[in-house]
Each structure stands twice: as structure tokens, then as C-alpha cells.
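>>> no sequence on hand, only this structure:
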Ligand SMILES: Cc1cc2nc3c(=O)[nH]c(=O)nc-3n(C[C@H](O)[C@H](O)[C@H](O)COP(=O)(O)OP(=O)(O)OC[C@H]3O[C@@H](n4cnc5c(N)ncnc54)[C@H](O)[C@@H]3O)c2cc1C
């Protein structure tokens, strides 16, 4: 006989609304209930109940994840962080914010901005995704080229363990070398080790005004080589984004941007508005094969140039159902990775458009699932070829989205059996009953 779970909502519409994330191709199971604890004490109560009843718990932020990490398993309880929304503290002297897990990235940044500060992680989902979700996936974004992914911007965590105990890790100092680094172990753990209830976020000064450059190239190979040259040049780019020909064509059709078929790839870069750096960027791009270069120091114009990159995903969604992939390779191998994606597209008869955070070698091949009974199978076969290429080139199957449920079968071939064994051991220490997001990651 199951004990009642305080605050549980079981209305089928509510339960369905909390059952899945933004990933495609995998179905979600039906949860038994959704709970939205309002504080740490209530989170502890949920976890104690789940441990006693041996019921799986899926922690959910905003559900914008793309790797199936927030797909419900049948009969689980979804623990939503939608009521854990307090910014407990924002200290401009220590440049630290202590925020609850359900605070939306944009809301934290809005508050930090008032002090001339920012929290650097800027996934394109920043307007809706949560700080807890960003931490749990080690989210990246455009400007993590300069400031690092979420991992580099977290000083400490408050988490509730599977058995209901509270664990505080790290703290509010920038430097710390005391014992094992549990904060960094928990970052990117995708709800499998603990419930993140609060984050000690490292804040940084807002960047100075930026110069934005958009350069067109005859081919992806040229654009990727130019990206490597920019990284070598000392420009210290804040962001450096590559858009391949297939994406440019889709954005042309979506936004009427008018690049045309002769454009083989586009690079968008931003650097600090300092004469030496801005001039250097323009020169490097032209020297390395750029056909046209548009440069602006105007903020609104810069946003427009960057919109070409931001339009990629909606432009591709108009074409069909999209499997968003997330692979990363050493920067110098990016052109080979994109070529491998083009080959996979031809081999399996589907469209793959690729956008990439070119400065850190992180590419997002966007696979359009072909219509027909074997469409998903062909998409997975093409994805498999792209993953194999990334690993062969010294890279990874996930730069920033995580393993979730979609990429589990590729984790083993990337990290090897010994690493998996150690990771399973860690999971067992944190969650011996295997109730936290069972079946995700490992
Ligand atoms: C349009 C779009 C653009 C995107 N752009 C980017 C991008 O540029 N870069 C990028 O890295 N990602 C991007 N993403 C993916 C996604 O937004 C990120 O992975 C984000 O960090 C997920 O946050 P969330 O609050 O939605 O988490 P959810 O999707 O709810 O959860 C993600 C994972 O974290 C776990 N989790 C969530 N909160 C907690 C918590 N408090 N404690 C423990 N576990 C938790 C969940 O169990 C799940 O495994 C994008 C997604 C979309 C839809």
C-alpha cells in the first residue's frame, strides 16, 4: 500500500504536460504524479517518500533539454523546480549569486545586470531554461567560448540526496582545494545523482561593447580554416559561430536574408570594441578566404547579424522534424566533422544542416527526419555516422546537451568500460536504490 505523497498532482493533463522535454524521437512514459516543492524541506520530504516507496523521481526544470534527460519513465514522480524561484542573495562584492534551481537563466541575468554583472552561461534557451537545468546539463552557449560552459561558472551547490539528506558543496570562494570536488561531479549529472536545489553562481563583469563581423565564404572548409585562424590570432573572440550552406539556404527561405546559393558558409564573430582587436578580426577573416565581410560596432546591427545564427533552428523546423545533435571535436578538426556530416546525409538520403560554435569545435548537425516508415531509422543511422566521426576525430558525442536517454549507447564506446564502471560506482554511492532518473546517462 503506497503512502500518500503530499502536494501530488495527478490530473492527466498536468501529468502529460510535465512528462517530456524538447528532444525528439523517443516517447515519454506516463508519470504517476507531479510535485512542485516550494523549499528545501519539501524537496527532502519528496525524496524521503520516494526512497521509502522505491518510486523513481525525475527532476525537471523547464523541460527544454534536447537529449531526453527529462523524459519521464512510467510510474515516476516528476519533481518540478517551478516553485524554487528565489534569488536568495546577489553580492556584487564577492560577485556571487545564490539562486534556487528553478530561477530562469534570463531572470538571474536581469538581476545581475543591475550591478554591471552577468552569469555567463547563455544557452539559446536562456529566456526559459532554468539555472538548475543549466547546471545539470553543463549547458553551453555562444559566449562560453570566452567564459567557459556552466561548469566554469558554478562555485557551489546545495543538493538533496536520494535519501533526503542535504549536501552543500563548494562555497563562495573562487579558489578552493579542499577534498574531492563534488560540485564539479554534480554539474552535468542530469538529475541522476541528486536534486539541485540551489546554486552558488559565479558572476562576471558585463563585457565591454562588442564589434560584430559577419563573413561569407565559398565553402565550409574555408570558413572552418578562418575560424581556426581567428582563434590563433589573439583576437580573443567572445563568440565565433559557423553556419553551413544548407543552413544558410534554410535561413534564406525563412527570413529572406538573400545570401544566395554561391555562399558556401557564413562565420559570425564578436570581439571587444577595441580598435586593435576589431581591425585584427577583419584582417584575419579577409586573409583567410572571406568573400565579403560586414563589420559593425552598433549593438542593434550586431544583433541583426547574429540573428542569422539564431534563426537556424526555427528555419530548419519549418522543413521537417529535426533531430538536434551536439558533437564536439578539437577546433582544427571541425571542417572534417562537417564533411563527415555531409557524407552521412548523402549516404542515408536526408538533409543535415550544421551550425557550429566554431571557436570551441562544438557542432550541431540538424538532421531532418525523412518522411516514411524508415525515416527515424535513417536519421539514427546518419547520427551514428556523425557520432563515430566525432569520436574518431578525438571528440565527443556531447559538447553541451548531455547524454540523457538519446545517446546512452554511444557513451560506452567514448569513455570505455573502466570509466563506465567507476561512473556506475559513483551512481551507487549517491543513489543506491537507483530512484533518481533511472535509465538516463548510464
Ligand atoms: C530552442 C533551444 C535552444 C537550446 N540552446 C542550447 C544551447 O545553446 N546550449 C545548450 O547547452 N543547450 C541548449 N538547449 C538545451 C537546453 O535548453 C539545456 O540543456 C538547458 O540547460 C536545460 O534546462 P532546463 O531547465 O530546461 O532543464 P530540463 O530540460 O528540465 O532538464 C534537463 C536535465 O537536467 C535535469 N535537471 C533539471 N533541473 C534539475 C535540478 N534542479 N536538479 C537535478 N537535475 C535537474 C533533468 O532531470 C534533465 O536530465 C536548447 C534547447 C532549446 C529547446
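Cool, got the structure. Predicted model only: the values in this text are computed from it and were never measured.

>>> tell me the mean pLDDT over stretch 278-297?
Averaging pLDDT along stretch 278-297 gives 92.

>>> pretty sure residue 139 is touching residue 150, no?
Yes: applying Cβ atoms under 8 Å, one finds residue 139 in contact with residue 150, separated by 5.0 Å. Where you see a C-beta, it was placed from the backbone N, CA and C, and this is true even at glycine.

>>> mutual contacts of the two, please.
Residues touching both residue 139 and residue 150 (Cβ atoms under 8 Å, 6 or more residues apart in numbering): residue 121.

>>> need the helix or strand of the protein with the lowest average pLDDT.
Lowest by mean pLDDT, DSSP states H and E among the helices and strands of the chain is helix 275-287, with a mean of 87.

>>> now the helix or strand just after it against helix 275-287, angle please.
The first helix or strand that comes after helix 275-287 along the chain, using DSSP states H and E, is strand 292-296. Comparing the axes of strand 292-296 and helix 275-287 via axes from the mean of the first three to the mean of the last three Cα atoms, to 10 degrees yields an angle of 160 degrees.

>>> who's in contact with strand 292-296?
For strand 292-296, the surrounding residues in contact (Cβ under 8 Å, 6+ apart) are 211-216, 278, 281-282, 285-286, 302, 305.

>>> please redo it, this time with the cut-off set to 10 Å
210-217, 259, 263, 266-269, 271, 278-279, 281-286, 301-305 (Cβ atoms under 10 Å, 6 or more residues apart in numbering).

>>> could you do stretch 279-287 as well?
Contacts of stretch 279-287 (Cβ under 10 Å, 6+ apart): 211-217, 223, 226-227, 229-237, 240, 267, 269-271, 274, 290-295.

>>> how about that stretch: buried residues?
By neighbour count on 16 or more other Cβ atoms under 10 Å, the buried set for stretch 279-287 is 280, 281, 282, 284, 285.

>>> okay, these in CSV with distance to the ligand next?
Output for the buried residues of stretch 279-287, formatted as CSV (distance: Cβ to the nearest ligand atom, whole Å):
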residue, distance to the ligand
280, 27
281, 23
282, 27
284, 25
285, 24
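
>>> closest one of the residues you listed to residue 200?
Among the buried residues of stretch 279-287, residue 281 lies closest to residue 200 (Cβ to Cβ), at 35.0 Å.

>>> pretty sure residue 178 is touching residue 170, no?
Yes: using Cβ atoms under 10 Å, residue 178 makes contact with residue 170 at a distance of 9.5 Å.

>>> run the chain-centre distance for stretch 23-33.
Relative to the mean C-alpha coordinate of its chain, stretch 23-33 is positioned 20 Å out (Cα atoms, centre = their mean, to the nearest Å).

>>> average model confidence for that stretch?
pLDDT averaged over stretch 23-33 gives 94.

>>> close to the ligand, is that stretch?
No: using Cβ under 6 Å from any ligand atom, stretch 23-33 stays clear of the ligand, coming no nearer than 8.7 Å.

>>> which bits of the protein sit near the ligand?
Applying Cβ under 6 Å from any ligand atom, we find that the chain lies next to the ligand at 21-22, 58-66, 69-70, 81, 101, 123-125, 129-130, 132-134, 136-137, 139-141, 190-191, 195-196, 313, 400-401, 437, 440.

>>> and the gap between residue 176 and the ligand?
Separation of residue 176 from the ligand (Cβ to the nearest ligand atom, to the nearest Å): 22 Å.

>>> can you name the two of the buried residues of stretch 279-287 that are farthest apart?
280 and 285 (9.7 Å).

>>> buried subset of the contacts of strand 292-296, written for ChimeraX?
Restricted to buried positions by 16+ other Cβ under 10 Å, the ChimeraX selection for the contacts of strand 292-296 reads:
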select :210,211,212,213,214,215,216,217,259,263,266,267,268,269,271,278,281,282,284,285,302,305
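
>>> may I see the buried residues of stretch 14-31?
Neighbour-count burial for stretch 14-31 [16+ other Cβ under 10 Å]: 14-15, 18-25, 28-29, 31.

>>> greatest separation within the residues you listed: which pair is it?
Going by Cβ to Cβ, the pair spanning the buried residues of stretch 14-31 furthest: 14 and 25, at 24.4 Å.

>>> where do the strands of the stretch 51-200 of the chain begin and end?
Assigned by DSSP state E, counting those that start in this stretch, the strands in the stretch 51-200 of the chain fall at 57-60, 77-80, 87-91, 96-100, 117-118, 154-160, 166-170, 195-202.

>>> a markdown table please, covering these and showing mean neighbour count and mean pLDDT.
Putting the strands of the stretch 51-200 of the chain into a markdown table (neighbours: other Cβ atoms under 10 Å; pLDDT from 0 to 100) gives the following:
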| stretch | mean neighbour count | mean pLDDT |
| --- | --- | --- |
| strand 57-60 | 27 | 98 |
| strand 77-80 | 25 | 98 |
| strand 87-91 | 15 | 98 |
| strand 96-100 | 23 | 98 |
| strand 117-118 | 20 | 98 |
| strand 154-160 | 24 | 98 |
| strand 166-170 | 17 | 98 |
| strand 195-202 | 26 | 98 |
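
>>> closest to residue 38 out of these?
That would be strand 96-100 among the strands of the stretch 51-200 of the chain, by Cβ to Cβ, at 9.7 Å.

>>> just want the angle from the closest one to strand 154-160.
Using the same axes, to 10 degrees, strand 96-100 lies at 30 degrees relative to strand 154-160.

>>> who does strand 96-100 pair up with?
Paired neighbours of strand 96-100 in the sheet (DSSP bridges): strand 87-91 (antiparallel), strand 195-202 (antiparallel).

>>> now the angle from the last one to strand 166-170?
Computed with the same axes, to 10 degrees, the direction of strand 195-202 lies at 20 degrees from that of strand 166-170.

>>> not counting residues beside it along the chain, what's closest to residue 54?
Spatial nearest neighbour of residue 54, excluding adjacent residues (Cβ to Cβ, 6 or more residues apart in numbering): residue 433 at 6.2 Å.

>>> contacts only, for residue 308.
Contacts of residue 308 (Cβ under 10 Å, 6+ apart): 214, 241, 243, 247-248, 251-252, 255, 257, 259, 266, 268, 315, 355.
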